[in-house]
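Colleague: Build me a model from this:
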Amino acid sequence: VPELATRGVRLDRIVDPEIQYIYWNMRDPVVGGLGKEKIALRRALAMSYDVQEEIKVVRNGQAVEASYPIPPGVVGHVPNWKSMIAYDPAAANALLDRFGYKRGPDGWRTQPDGKPLAVQYASRPDTLGRQQEEMVKKGYDAIGVRMVPRKDKFPELLKLEKQCRLVSRTAAWIADYPDGDNFMQLFYGPNAYQSNNGCAAIPEYDALYKRAAKMPHGPERDRLYQEMTRILEGYATHRLTTSRYRNQLIQPRVQGYRKHPILTSTWQYIDVAAAPR
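Modeller: Next comes the predicted model:
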(Lines give C-alpha, C1' and ligand atoms only; values in the text may rest on other atoms or scores of the structure.)
Protein backbone atom coordinates (compact mmCIF):
# COMPACT_ATOMS: atom_id res chain seq x y z
CA VAL A 1 0.00 0.00 0.00
CA PRO A 2 2.76 2.60 0.70
CA GLU A 3 4.18 2.00 -2.77
CA LEU A 4 0.74 2.43 -4.35
CA ALA A 5 0.13 5.60 -2.32
CA THR A 6 3.07 7.25 -4.04
CA ARG A 7 1.16 6.80 -7.31
CA GLY A 8 -1.98 8.41 -5.87
CA VAL A 9 -3.84 5.14 -5.15
CA ARG A 10 -6.08 5.52 -2.08
CA LEU A 11 -6.92 2.81 0.45
CA ASP A 12 -10.61 2.81 1.39
CA ARG A 13 -11.21 0.77 4.56
CA ILE A 14 -14.44 0.30 6.49
CA VAL A 15 -15.60 -2.12 9.15
CA ASP A 16 -18.10 -4.47 7.56
CA PRO A 17 -21.64 -4.19 8.99
CA GLU A 18 -21.43 -7.73 10.33
CA ILE A 19 -20.76 -9.72 13.45
CA GLN A 20 -18.99 -13.03 13.83
CA TYR A 21 -19.95 -14.98 16.94
CA ILE A 22 -19.70 -18.38 18.58
CA TYR A 23 -23.07 -19.60 19.78
CA TRP A 24 -24.08 -22.41 22.09
CA ASN A 25 -27.32 -24.30 21.55
CA MET A 26 -29.61 -23.29 24.39
CA ARG A 27 -31.58 -26.52 23.96
CA ASP A 28 -28.57 -28.81 24.26
CA PRO A 29 -28.57 -30.94 27.44
CA VAL A 30 -24.91 -30.14 28.19
CA VAL A 31 -24.52 -26.42 27.42
CA GLY A 32 -28.14 -25.28 27.16
CA GLY A 33 -30.67 -24.14 29.70
CA LEU A 34 -31.09 -21.20 32.06
CA GLY A 35 -29.87 -22.86 35.25
CA LYS A 36 -26.97 -21.21 37.08
CA GLU A 37 -24.54 -24.07 36.43
CA LYS A 38 -25.32 -23.98 32.70
CA ILE A 39 -24.85 -20.22 32.57
CA ALA A 40 -21.54 -20.63 34.41
CA LEU A 41 -20.37 -23.20 31.85
CA ARG A 42 -21.23 -20.99 28.87
CA ARG A 43 -19.62 -17.94 30.48
CA ALA A 44 -16.46 -19.94 31.11
CA LEU A 45 -16.41 -21.17 27.52
CA ALA A 46 -16.90 -17.60 26.31
CA MET A 47 -14.11 -16.26 28.53
CA SER A 48 -11.73 -18.96 27.30
CA TYR A 49 -11.75 -17.55 23.75
CA ASP A 50 -9.00 -15.08 22.81
CA VAL A 51 -10.46 -12.75 20.19
CA GLN A 52 -7.24 -10.73 19.84
CA GLU A 53 -5.34 -13.89 18.91
CA GLU A 54 -7.99 -14.68 16.31
CA ILE A 55 -7.56 -11.22 14.80
CA LYS A 56 -3.79 -11.69 14.66
CA VAL A 57 -3.57 -15.33 13.56
CA VAL A 58 -6.80 -16.12 11.69
CA ARG A 59 -7.80 -12.70 10.34
CA ASN A 60 -4.27 -11.42 9.63
CA GLY A 61 -5.10 -8.18 11.41
CA GLN A 62 -8.02 -7.49 9.09
CA ALA A 63 -10.75 -7.29 11.72
CA VAL A 64 -11.74 -5.54 14.93
CA GLU A 65 -13.10 -7.10 18.09
CA ALA A 66 -16.89 -7.02 18.25
CA SER A 67 -18.23 -6.10 21.67
CA TYR A 68 -21.80 -5.05 20.82
CA PRO A 69 -24.29 -7.14 18.81
CA ILE A 70 -25.04 -4.21 16.47
CA PRO A 71 -21.90 -3.49 14.41
CA PRO A 72 -20.48 -0.13 13.25
CA GLY A 73 -22.34 1.46 10.37
CA VAL A 74 -25.72 0.18 11.58
CA VAL A 75 -28.32 2.27 13.39
CA GLY A 76 -28.22 1.42 17.10
CA HIS A 77 -24.49 0.66 17.33
CA VAL A 78 -22.85 1.72 20.61
CA PRO A 79 -19.16 2.68 20.23
CA ASN A 80 -16.81 1.66 23.04
CA TRP A 81 -19.34 -0.70 24.62
CA LYS A 82 -17.81 -2.58 27.57
CA SER A 83 -19.00 -6.16 27.44
CA MET A 84 -19.25 -8.21 30.62
CA ILE A 85 -17.59 -11.09 28.74
CA ALA A 86 -13.86 -10.80 28.08
CA TYR A 87 -10.94 -13.17 27.59
CA ASP A 88 -9.99 -14.35 31.10
CA PRO A 89 -9.07 -18.06 31.41
CA ALA A 90 -8.19 -17.69 35.10
CA ALA A 91 -11.65 -16.37 35.93
CA ALA A 92 -13.19 -19.05 33.68
CA ASN A 93 -11.40 -21.79 35.62
CA ALA A 94 -12.49 -20.30 38.94
CA LEU A 95 -16.09 -20.13 37.73
CA LEU A 96 -16.11 -23.79 36.72
CA ASP A 97 -14.56 -24.79 40.05
CA ARG A 98 -17.23 -22.85 41.93
CA PHE A 99 -20.13 -24.49 40.12
CA GLY A 100 -18.94 -28.06 40.49
CA TYR A 101 -17.23 -28.80 37.17
CA LYS A 102 -14.42 -30.77 38.80
CA ARG A 103 -11.19 -31.85 37.14
CA GLY A 104 -10.52 -35.56 37.01
CA PRO A 105 -7.12 -37.26 37.27
CA ASP A 106 -6.72 -36.84 33.50
CA GLY A 107 -7.16 -33.05 33.76
CA TRP A 108 -10.56 -32.96 32.05
CA ARG A 109 -13.58 -31.65 33.88
CA THR A 110 -16.80 -33.48 34.59
CA GLN A 111 -20.32 -32.12 34.85
CA PRO A 112 -21.65 -31.26 38.33
CA ASP A 113 -23.43 -34.64 38.45
CA GLY A 114 -20.16 -36.45 37.70
CA LYS A 115 -20.94 -37.29 34.07
CA PRO A 116 -18.21 -36.67 31.45
CA LEU A 117 -18.14 -33.13 30.07
CA ALA A 118 -17.62 -32.70 26.34
CA VAL A 119 -18.77 -29.87 24.09
CA GLN A 120 -19.15 -30.36 20.36
CA TYR A 121 -17.94 -27.63 18.00
CA ALA A 122 -18.84 -27.72 14.30
CA SER A 123 -16.84 -26.19 11.47
CA ARG A 124 -16.24 -26.53 7.75
CA PRO A 125 -13.52 -28.83 6.35
CA ASP A 126 -11.42 -25.97 4.97
CA THR A 127 -8.54 -23.79 6.13
CA LEU A 128 -10.72 -21.26 7.95
CA GLY A 129 -12.73 -24.01 9.63
CA ARG A 130 -9.56 -25.71 10.81
CA GLN A 131 -8.17 -22.46 12.22
CA GLN A 132 -11.42 -21.66 14.01
CA GLU A 133 -11.53 -25.15 15.49
CA GLU A 134 -7.94 -24.86 16.71
CA MET A 135 -8.70 -21.52 18.36
CA VAL A 136 -11.75 -22.89 20.18
CA LYS A 137 -9.92 -26.04 21.26
CA LYS A 138 -7.00 -24.04 22.61
CA GLY A 139 -9.37 -22.07 24.83
CA TYR A 140 -11.29 -25.15 25.98
CA ASP A 141 -8.06 -27.00 26.76
CA ALA A 142 -6.97 -24.13 29.00
CA ILE A 143 -10.04 -24.58 31.21
CA GLY A 144 -10.14 -28.38 31.15
CA VAL A 145 -13.17 -28.79 28.88
CA ARG A 146 -12.95 -31.49 26.24
CA MET A 147 -13.91 -30.26 22.77
CA VAL A 148 -15.42 -32.72 20.29
CA PRO A 149 -14.92 -31.57 16.67
CA ARG A 150 -17.57 -32.01 14.00
CA LYS A 151 -16.80 -31.39 10.34
CA ASP A 152 -19.36 -30.87 7.61
CA LYS A 153 -19.87 -28.88 4.44
CA PHE A 154 -21.32 -25.40 4.80
CA PRO A 155 -24.79 -26.19 3.34
CA GLU A 156 -25.15 -29.16 5.68
CA LEU A 157 -24.09 -27.08 8.69
CA LEU A 158 -26.71 -24.48 7.80
CA LYS A 159 -29.38 -27.15 7.48
CA LEU A 160 -28.53 -28.66 10.88
CA GLU A 161 -28.38 -25.18 12.39
CA LYS A 162 -31.90 -24.42 11.24
CA GLN A 163 -33.02 -27.64 12.93
CA CYS A 164 -31.36 -26.67 16.25
CA ARG A 165 -29.15 -29.75 15.95
CA LEU A 166 -25.70 -28.15 16.22
CA VAL A 167 -24.23 -27.67 19.69
CA SER A 168 -21.86 -24.85 18.80
CA ARG A 169 -20.45 -23.11 15.74
CA THR A 170 -18.92 -19.82 14.64
CA ALA A 171 -21.64 -18.02 12.73
CA ALA A 172 -21.73 -14.71 10.88
CA TRP A 173 -24.43 -12.20 10.08
CA ILE A 174 -24.08 -9.25 7.73
CA ALA A 175 -26.67 -6.49 7.60
CA ASP A 176 -29.57 -6.96 5.20
CA TYR A 177 -30.71 -3.45 6.12
CA PRO A 178 -28.88 -0.82 8.23
CA ASP A 179 -30.97 -1.06 11.40
CA GLY A 180 -30.22 -2.64 14.76
CA ASP A 181 -33.33 -4.80 14.57
CA ASN A 182 -31.58 -6.84 11.88
CA PHE A 183 -29.10 -8.03 14.53
CA MET A 184 -31.17 -8.10 17.72
CA GLN A 185 -33.63 -10.45 16.02
CA LEU A 186 -30.86 -13.08 15.89
CA PHE A 187 -31.55 -13.91 19.55
CA TYR A 188 -35.35 -13.64 19.61
CA GLY A 189 -36.94 -16.91 20.73
CA PRO A 190 -39.59 -17.27 17.98
CA ASN A 191 -36.81 -16.96 15.38
CA ALA A 192 -35.46 -20.40 16.27
CA TYR A 193 -35.29 -22.62 13.16
CA GLN A 194 -34.66 -19.42 11.18
CA SER A 195 -31.98 -16.88 12.14
CA ASN A 196 -31.73 -17.67 15.87
CA ASN A 197 -28.91 -20.19 15.41
CA GLY A 198 -28.42 -20.90 19.12
CA CYS A 199 -32.17 -21.42 19.55
CA ALA A 200 -32.16 -19.08 22.54
CA ALA A 201 -35.47 -18.44 24.31
CA ILE A 202 -35.00 -15.98 27.15
CA PRO A 203 -38.35 -14.55 28.38
CA GLU A 204 -36.88 -11.20 29.51
CA TYR A 205 -35.14 -10.68 26.20
CA ASP A 206 -38.14 -11.69 24.12
CA ALA A 207 -40.44 -9.30 26.00
CA LEU A 208 -38.08 -6.38 25.41
CA TYR A 209 -37.61 -7.32 21.76
CA LYS A 210 -41.37 -7.17 21.19
CA ARG A 211 -41.42 -3.66 22.66
CA ALA A 212 -38.41 -2.52 20.65
CA ALA A 213 -39.81 -3.90 17.39
CA LYS A 214 -42.68 -1.40 17.59
CA MET A 215 -40.44 1.61 18.17
CA PRO A 216 -38.74 3.92 15.68
CA HIS A 217 -35.03 4.48 16.02
CA GLY A 218 -34.21 6.80 18.90
CA PRO A 219 -32.80 6.99 22.44
CA GLU A 220 -35.64 4.96 23.96
CA ARG A 221 -35.12 2.03 21.60
CA ASP A 222 -31.34 2.29 22.03
CA ARG A 223 -31.80 1.96 25.80
CA LEU A 224 -33.86 -1.18 25.29
CA TYR A 225 -31.21 -2.63 22.99
CA GLN A 226 -28.56 -1.99 25.63
CA GLU A 227 -30.69 -3.68 28.29
CA MET A 228 -31.23 -6.62 25.93
CA THR A 229 -27.49 -6.84 25.31
CA ARG A 230 -26.80 -7.07 29.04
CA ILE A 231 -29.34 -9.89 29.28
CA LEU A 232 -27.55 -11.80 26.52
CA GLU A 233 -24.20 -11.25 28.24
CA GLY A 234 -25.64 -12.37 31.55
CA TYR A 235 -26.94 -15.63 30.13
CA ALA A 236 -23.86 -16.03 27.88
CA THR A 237 -25.82 -17.28 24.90
CA HIS A 238 -22.89 -16.56 22.58
CA ARG A 239 -19.43 -15.03 22.33
CA LEU A 240 -19.03 -12.09 19.97
CA THR A 241 -15.72 -12.32 18.14
CA THR A 242 -15.00 -9.97 15.24
CA SER A 243 -16.22 -7.62 12.56
CA ARG A 244 -13.99 -7.79 9.49
CA TYR A 245 -12.43 -4.94 7.56
CA ARG A 246 -13.34 -4.35 3.94
CA ASN A 247 -10.39 -2.91 2.01
CA GLN A 248 -10.52 -1.41 -1.46
CA LEU A 249 -7.88 0.41 -3.50
CA ILE A 250 -9.10 3.44 -5.44
CA GLN A 251 -7.21 4.65 -8.49
CA PRO A 252 -6.60 8.44 -8.58
CA ARG A 253 -8.66 8.84 -11.77
CA VAL A 254 -11.81 7.50 -10.06
CA GLN A 255 -14.11 10.37 -9.05
CA GLY A 256 -16.96 10.47 -6.54
CA TYR A 257 -16.37 7.07 -4.98
CA ARG A 258 -17.15 6.46 -1.33
CA LYS A 259 -18.04 2.95 -0.18
CA HIS A 260 -21.46 2.63 1.39
CA PRO A 261 -21.37 0.26 4.37
CA ILE A 262 -24.29 -1.80 3.04
CA LEU A 263 -25.34 -0.87 -0.49
CA THR A 264 -23.35 -2.50 -3.28
CA SER A 265 -24.86 -0.61 -6.22
CA THR A 266 -22.63 2.48 -6.26
CA TRP A 267 -21.43 2.52 -9.85
CA GLN A 268 -23.98 5.09 -11.00
CA TYR A 269 -22.44 7.66 -8.66
CA ILE A 270 -18.84 7.49 -9.84
CA ASP A 271 -16.91 8.56 -12.89
CA VAL A 272 -13.41 8.25 -14.33
CA ALA A 273 -11.40 11.33 -15.16
CA ALA A 274 -9.86 11.64 -18.59
CA ALA A 275 -6.29 10.46 -18.82
CA PRO A 276 -3.79 13.34 -18.74
CA ARG A 277 -2.25 14.14 -22.12
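Colleague: Can you show me the helices along the stretch 1-150 of the chain?
Modeller: 2-5, 36-47, 51-53, 89-98, 127-142 (DSSP state H, counting those that start in this stretch).
Colleague: Buried residues in the shortest one, which are they?
Modeller: By neighbour count on 16 or more other C-beta atoms under 10 Å, the buried set for helix 51-53 is residue 51. Using the backbone N, CA and C atoms, a C-beta is placed for each residue, glycine as well.
Colleague: Report the rounded mean pLDDT for it.
Modeller: Averaged over helix 51-53, pLDDT sits at 98.
Colleague: Same check on the second one?
Modeller: Here helix 36-47 scores 98 as its mean pLDDT.
Colleague: residues making contact with stretch 110-122?
Modeller: Residues outside stretch 110-122 that contact it (C-beta atoms under 8 Å, 6 or more residues apart in numbering): 24, 30-31, 37, 45, 99-102, 104, 108-109, 133, 136-137, 140, 145-152, 157, 160, 166-169.
Colleague: Show the buried residues in those residues.
Modeller: Judged by 16+ other C-beta under 10 Å, buried ones among the contacts of stretch 110-122: 24, 30-31, 45, 99, 101, 108-109, 133, 136-137, 140, 145-147, 152, 157, 160, 166-169.
Colleague: what's around residue 107, how many residues?
Modeller: 9 (other C-beta atoms under 10 Å).
Colleague: Just give the nearest non-adjacent residue to it, would you?
Modeller: residue 144 (5.9 Å; C-beta to C-beta, 6 or more residues apart in numbering).
Colleague: correct me, but that neighbour touches residue 95?
Modeller: No: when contacts are counted by C-beta atoms under 8 Å, residue 144 is not listed as touching residue 95 (11.9 Å).
Colleague: Find the least confident helix or strand in the chain, judged by mean pLDDT.
Modeller: Least confident helix or strand, the chain: helix 2-5 with a mean of 63, by mean pLDDT, DSSP states H and E.
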